[in-house]
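[1] Let's see this in three dimensions:
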Amino acid sequence: MNSGRSLFGGKARPNDKEGSSGNQAIRECVEKGLLDTLGGSDEAATLYFIETKGGVKLSKVSSDPEGFREALRAIFGQGSVELMKAILKELRLKEAKLGRDRLVRDFADFLEQAIKPAGAGTT
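    Next comes the predicted model:
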């Protein structure tokens, strides 16, 4: 699933090294969160459906967090929250190791916000 293509389609970025390492870190966290939660074959199937049905390439997941969230919701419904929590946990661990990687922090912050409304109705 990992095509290795540039996150921004070859467009120059002011800090391409940070973008590249951040995108790689996000992909690793997504894969690990799915793998830890679903197991090997289900992780592969989920990544396949995210790309084919959700239209979100894993190589570009960091540039489309909303599309990623919607693809997970389309596949798993309310169960997507548990997957996002597992991915968020991995992102926060990675963020602690990487320090100031804006891409990782922004993606993690987005998932954190996406999780909150789903659990807001419970008391």
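[2] Please make it C-alpha for all contacts and neighbour counts, starting now.
    Will do.
[3] how about stretch 55-72: buried residues?
    Buried residues in stretch 55-72, defined by neighbour count with 16 or more other Cα atoms under 10 Å: 56-63, 65-72.
[4] Between those residues, which sits nearest L47?
    Lowest distance from L47 to the buried residues of stretch 55-72 (Cα to Cα) belongs to L58, with 7.4 Å.
[5] so how far is A96 from the closest one?
    Between L58 and A96 the computed distance is 22 Å (Cα to Cα, to the nearest Å).
[6] can you pull out the helices in this structure?
    Listed in chain order, the helices of the chain (DSSP state H) span 16-38, 40-52, 65-76, 80-98, 102-119.
[7] Let me know the pLDDT of the residue minimising distance to the centre of the chain.
    Geometric centre of the chain, nearest residue: V30, 4.6 Å, by Cα atoms, centre = their mean. With respect to pLDDT, V30 scores 94.
[8] List the residues that contact the closest residue to K53 other than its chain neighbours.
    Distances taken as Cα to Cα, 6 or more residues apart in numbering place A71 nearest to K53, at 7.5 Å, with adjacent residues excluded. Contacts for A71 were tallied using Cα atoms under 8 Å, 6 or more residues apart in numbering; they are 50, 53-56.
[9] Alright, that wraps it up for me.
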